[in-house]
Each structure stands twice: as C-alpha cells, then as structure tokens.
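Q: Take this sequence and fold it.
(chains A and B)
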Amino acid sequence: MQDVLFVLITLTAFVLLALLVGVLDRADRADRSESR
Amino acid sequence: MSETWPALGQLLALVVLLVVTVPPLARLLAHVYTSEHHLAAERATYRLLRLDPDADQHWRSYALSVLGFSAVGVLLLYAVGRLQEHLPLSLGFSALPADGAWNTAVSFVTNTNWQWYSGEAAIGHLMQMSGLAVQNFVSAAVGMSVAAAFARGLARAERDGRVGNFFSDLVRTVVRVLLPISLIAACLFIVLGVVQNFAGPHLMETLTGGSQTLTGGPVASQEAIKQLGTNGGGFYNVNSAHPFENPTPFSNLIAIYLELLIPFAMAGAFGIIVRDRRQGYAVGGVMALLLTISVGLITWVEMAAPGTAPQLAGGAMEGKEVRFGEAASALFAAATTGTSSGAVNAMHDSFTAPGGGVAMFTMMLGEIAPGGVGSGLYGMLMLTIVTVFLCGLMVGRTPEYLGKKIAQREIVMVALYVLATPILLLVGIAVAVSFDAGPAGILNSGPHGFSEMLYAVTSAANNNGSAFGGLTSGTPFWNTLLGLLMLFGRFLPMVFVLALAGRFAAAKRVPAGAGTLPTHQPLFVVLLTGVALVVVGLTYVPVLLLGPIAESLS
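A: The predicted structure follows:
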C-alpha cells in the first residue's frame, strides 16, 4: 500500500512539472505571436 | 598559530591545483557541448537506446526529456531499495522502508544525496554500486546538461527555441568527462588509503577489549564521483570523517579539489561557448569571491571560538577530526556548502553558532559559490540577469545580456527561478515546526534545535545534502517532507532555466551599443556579488534570526 502511495507521489510530482512546462511553453508562444 | 602555516599551505595547494586544471577542463567541456562528432561508445549507446543524438530539441522537449529520465530514475532506485534483501551482495540487509527508499531515490536522482540512513548498516554493495553510484554519475550529468543548454540558448540566435539534445549532452558528459576523471581519482584515492573491496562487516576486538564492527566495500570508486559530481553521499554514515573514506589530510585536499573542479570549469566553458571568455572569468570570479568570503568567515569564527577548551585547542574542535584540524574542517565545510556536494568531514552541528550559520547562508545563496556541477553555473547566470536588469532600470535602458534583450517575459522567468527555492525552503520549515513530528526529531532545544531543522530543509531545498547532525530524520514525516523539497527544489528551477534558454535561443541578437552594460569588468563582478548577497540576505535573514543568529547572541 505504501509502495503505491510513493509511486503515486512521484508520478504526480513529475506530471505537475510536465504540466508547468506545457503552461510556460504556451505562454511563450502566445507572447511571441502577439509581438509579431 | 601552529595551524596557520599548514592551513595556508593547503589553501595555496588547492588554488594552484585549480588554476592549473580548470582551464583545460573548461576547454574540454566547451568542446563536449559544441562538437558534432560522436565517439564509438556514444554511438553504441544511442543505438542501444534507439536515440537520435543529432535531433536539435526545442526547450520543451529538452525539459520533458530531463523530467522523464529523472522520473524513471526515481522509480528504478526506489525499486532497488525496496527489493534490496533479494539482491546479491546485500550483506544481509533488509529492504529499506517505503518512505526511506523513496527519500533515498529522490535524494540521489536530484544530486542532493541527503542520507537519513547509516550507509554501512543499511545499504548493500549492489545498491551502492548499481543504484547510488549510477545516479551519482547521471544526476551530475543532468545538471551539467541543463547548464550547457542554457549557455547554448544564450549563444544562439533565431533558432526557434532549440537548445540542443538532452540525451547527447547526458551521454557525452558521462563518457567524456565524469567516467575518465572518476577513474583517475578512484585510483588516486586507493593509493592514498581509501578502501576498495567487497568485504562485508567484520567484528573486531578493540585495544580496550570492546568490540567494533568495521565494514569494507567499494568506497574509493564511489568517493571519486561523490566528490567530482558534487553528490556528497558517503559510503559511511560519518561520510568523509571516516578514516576508510578520507584517511589523510592529502586525501582531504583531493576531495575538496574534486568538488570545486567542475563548477569552476563550467564557468570557463560558458565563456568559450558564448565566444567571450571574459564572461566566464566574471562568473567564475564571483563564484570564487563568494567562496573566499565563506571560507574566511567559517575559519575565523571556528578558530576564534570563545571558551577555555577551544582556546587551548586552537579552535572549536568538538565534532572535528584531529587528523584534519580546524582549518581543513572549515575549508571543507565552506566548499561542501558552497558547492551542492554535501559531503562532510566534521559534524556541522558542533560548529559554533555563527560557523553553522555561515554554512547555512552559503547554501541559501542557491548553491552558486561555486555551486553544483551545472546548477552552480545556471544559478549564477540567473543572478547575472537580475543584476543586468537592475542596472538597466537605473540608467533607463532596456537591459540586455550577451546581445539578448531582457524584457518582461524574461524577467518573469528569472523571478520565478529566484523565488522557487526560498518558497520551498520557508514553507518547508513552516510545515516542520507546525507538526509535532518535526521537532520530535531534534536533539537540542531552543535556537540550536530550530537550526537543526532549518539546516535540514535548507540542505534539501537547495539540493546540498549535508546534514547538520542532531536531527533524527529517518521518520516518515521527515523523509516525505525532505523528499518533496529535494524533488521540487531540483526540477522547478530547471524548468524555468530551460524555458528561459528557449526564449533566448529564439531571440535575435542585439548589437552592443554605447548604453550596453559591460558584464565582464570588475565593477560588474562587485555588483553581481552584492546582488547575490542582498537577494539572499533579504529573503533569509528573518529565519536565520530565529536560529543561528539568536544562538550567537544568547
């Protein structure tokens, strides 16, 4: 049970970080297309 | 007085070693990160893993590769820890508890190497070699790769956010830099008396008739990459204070030298990659200046410790190895907290209150003096951009760094980077003191007890890994809290660094004009040092007041 918990914590943390990458990338693209 | 000349001699030898070897290593690193040629061993690795090393990755793809690679690393190392008792060479040790295995996995993947366990009493040889030592190599390579991507982002123009290939950077760093130097260093350590065998625990009878268990193992090979990769995780519980891991003052000097070698060389490589070596000298100069301040302060406060015993011993010798003495312990403490190594050759909990406070403050700088392998360079470059921005505001010009304009979007990314670690650290210490399980682990009461907790969260959030001692952290509460701090403390800043690298790589290069701030001159070095100290000072002085400063005044 504890193993499942820590695997889930790991996956959640990395998924959140990957989502942050997506958010920053989208904001960057929007900013660049605006400045064009 | 008797310690003054050996101390100065040791410092001089260290400086000479670094001055002689950093420039060629910087050239090698720059070549590694710019060459289009692949070695045969590298090509074989790419074929095996079905990777295209020539694909120029967008920063988003580079960042996702970093995260994916590290996530797999955490899960694999966690599995090794949980299955240890079924593995060969386990020395009869049982599986690590779930929270402990997770903490250890995160710790080594994030290059922190915080150790809640006693290595010789909990970890078998196979886990040391196939789990921990492997991560010592690849976690260091991940940090160096991200720094290389950032340098490339600054050096490129109009490349649609492409910053290089993560897997190519990773494999090259391991094959061309870390493995060869570690091999030489491991052989040197063996010659100097560091043990290297597969012996298990031996019960020995001591001279006084007592008994003691001594464990051998593949220590020298691990010691080399532990120091070179600024990992810091010791084979033994007392780390580099153990005579099997760090037997002589000379092995101690080599250990310090290895910690500092790559961080300074990365600064030099940066100057070569951006085709302006003076930029590398400036960044390296600030790193050296901050480290010198830290070494000077810790040595001074430890040698001038008040009280009869310290004055008779020539310094506060509690918790320090007599074979190294006061100055070598202070130099090691400054180097290990200035880099993200975290190895220790003395117990920082026994340092004087101001000495422990300076060690903590050095970590709070964000590991930039000279910092971890890779993370030191990109951390310093982030503060460089803050300094350029502030100076630009003063003269009313749009600031630029190496021909790249620092506009609103760029400074937002830098601000997020600068705020990430302090937020993690301060929320971490708030959580630690808010639950009974936090203070339950401390050995001392009052400000010193608070310092024990503050040091732990500072070490974790900054990916240092050194322990103050005194804190029993092998509990589910501390293992989970520190694991989260290490994980987000490593990868949140990396994401912001890579996002900024992509931004720079996509931007046009602006020619330097009359209003461009020179970022290679001594004045800028002073400004950058001041910004580093002020940014950290304003952020952390309140929490330092509750711990080491209150203890110093009491």
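Q: Please make it C-alpha for all contacts and neighbour counts, starting now.
A: Noted.
Q: Pick out the residue of the stretch 301-450 of chain B closest to chain A.
A: B:Arg409 (8.0 Å; C-alpha to the nearest C-alpha).
Q: any idea which element that residue lies in?
A: helix B:408-434 (DSSP states H and E).
Q: That helix - contacts with which helices or strands?
A: helix B:375-395, helix B:446-461, helix B:476-506 (3 or more C-alpha pairs under 8 Å, 6 or more residues apart in numbering or on different chains; DSSP states H and E).
Q: one more time with 7 Å
A: helix B:446-461, helix B:476-506 (3 or more C-alpha pairs under 7 Å, 6 or more residues apart in numbering or on different chains; DSSP states H and E).
Q: how about that helix: buried residues?
A: B:410-411, B:413-414, B:417-418, B:420-422, B:424-426, B:428-429, B:432 (16 or more other C-alpha atoms under 10 Å in any protein chain shown).
Q: Helix B:476-506 and that helix, what's the angle between them?
A: 170 degrees (axes from the mean of the first three to the mean of the last three C-alpha atoms, to 10 degrees).
Q: What about residue 14, how many residues nearby?
A: If you meant another chain, say so; for now it's chain A. Counted with other C-alpha atoms under 10 Å in any protein chain shown, residues neighbouring A:Phe14 total 20.
Q: Wait, chain B was what I had in mind.
A: 17.
Q: Doesn't it belong to a helix?
A: Yes: the assignment for B:Leu14 by DSSP: H, G, I helix; E, B strand; the rest coil puts it in a helix.
Q: That one touches B:Leu258, doesn't it?
A: No: between B:Leu14 and B:Leu258 there is no contact under C-alpha atoms under 7 Å: 10.0 Å.
Q: Retrieve the pLDDT associated with the spatially most central residue of chain B.
A: Against the mean C-alpha coordinate of chain B, by C-alpha atoms, centre = their mean, the closest residue is B:Ser340 at 1.4 Å. We have a pLDDT of 93 for B:Ser340.
Q: Spell out the secondary structure type for it.
A: Classified using three-state DSSP, B:Ser340 is coil.
Q: correct me, but it touches B:Asn464?
A: Yes: judged on C-alpha under 7 Å, B:Ser340 makes contact with B:Asn464 at a distance of 4.2 Å.
Q: what bits of chain A have low per-residue confidence?
A: A:36 (pLDDT under 70).
Q: er, the stretch 151-300 of chain B I mean
A: Looking at the stretch 151-300 of chain B by pLDDT under 70, you get an empty list.
Q: switch to 80 and redo it
A: B:159 (pLDDT under 80).
Q: can you give me the strands in it?
A: B:162-164, B:201-205, B:211-215 (DSSP state E, counting those that start in this stretch).
Q: Single out the most deeply packed of these.
A: strand B:162-164 (a mean of 28; mean count of other C-alpha atoms under 10 Å in any protein chain shown).
Q: and that one, which strands flank it?
A: Strand B:162-164 sits in its sheet next to strand B:57-58 (antiparallel), going by DSSP bridges.
Q: what's the following helix or strand after the partner strand?
A: helix B:59-82.
Q: before we move on, back to that, for the helices and strands packed on helix B:408-434, give me CSV that also has mean pLDDT, mean neighbour count and distance to B:Gln521.
A: Conversion of the helices and strands packed on helix B:408-434 to CSV gives the following (pLDDT from 0 to 100; neighbours: other C-alpha atoms under 10 Å in any protein chain shown; distance: least, C-alpha to C-alpha, whole Å):
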stretch, mean pLDDT, mean neighbour count, distance to B:Gln521
helix B:446-461, 97, 26, 32
helix B:476-506, 97, 24, 23
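Q: who in chain B is up against chain A?
A: Proximity of chain B to chain A, by C-alpha under 7 Å from any C-alpha of the partner chain, involves residues B:Arg60, B:Leu64, B:Leu67, B:Ala71, B:Ala98, B:Trp102, B:Val495.
Q: From B:Leu260, how far out is the residue of chain B most remote from its centre?
A: The centre of chain B is farthest from one residue, B:Gly209, which by C-alpha atoms, centre = their mean lies 41.5 Å away. B:Gly209 sits 42 Å away from B:Leu260, going by C-alpha to C-alpha, to the nearest Å.
Q: again, but for B:Ser473
A: In this view, B:Ser473 and B:Leu260 are 28 Å apart by C-alpha to C-alpha.
Q: Comparing those two, which residue is more hemmed in?
A: B:Leu260 (29 against 25).
Q: Tell me how far the more buried one lies from B:Asn136.
A: In terms of C-alpha to C-alpha, B:Leu260 sits 16 Å off from B:Asn136.
Q: Then B:Pro243?
A: 22 Å.
Q: Counting neighbours, go ahead and name the busier of the two.
A: Here B:Pro243 and B:Asn136 are compared on neighbour count by other C-alpha under 10 Å; more neighbours surround B:Asn136, at 29 against 17.
Q: Does residue 5 lie in a helix or a strand, and which?
A: All of this refers to chain A. helix A:2-35.
Q: other chain: chain B
A: Per DSSP H and E: helix B:4-34 holds B:Trp5.
Q: and that helix, what does it pack onto?
A: Using 3+ C-alpha pairs under 7 Å, 6+ apart, helix B:4-34 is in contact with helix B:249-273.
Q: Chain neighbours aside, what residue packs nearest to residue 7?
A: Just going to use chain A. Of all residues not flanking A:Val7 in the chain, B:Leu75 sits nearest, at 7.1 Å (C-alpha to C-alpha, 6 or more residues apart in numbering or on different chains).
Q: think we crossed wires, I meant chain B
A: B:Ala327 (5.6 Å).
Q: and the one you found, how many neighbours?
A: Neighbours of B:Ala327 (other C-alpha under 10 Å): 24.
Q: now do the one 10 residues further on
A: Each residue near B:Thr337 was counted by other C-alpha under 10 Å, and the total is 34.
Q: out of the residues of chain B next to chain A, which are buried?
A: B:Arg60, B:Leu64, B:Leu67, B:Ala71, B:Ala98, B:Trp102, B:Val495.
Q: among those residues, which two are most distant?
A: B:Arg60 and B:Ala98 (32.4 Å; C-alpha to C-alpha).
Q: What lies in contact with stretch B:447-467?
A: Here stretch B:447-467 makes contact (C-alpha atoms under 7 Å, 6 or more residues apart in numbering or on different chains) with B:110-114, B:232, B:337, B:340-344, B:360, B:363-364, B:366-367, B:421, B:424-425, B:428-429, B:442-443, B:468, B:470-471, B:482, B:485-486, B:489-490, B:546-548, B:550-551.
Q: Residue 3 - nearest residue in space that isn't next to it in sequence?
A: In the absence of a named chain, chain A is used. Nearest non-adjacent residue to A:Asp3 (C-alpha to C-alpha, 6+ apart): B:Ala98, at 6.1 Å.
Q: oops, chain B please
A: Nearest to B:Glu3 is B:Ala327, by C-alpha to C-alpha, 6+ apart, at 7.3 Å.
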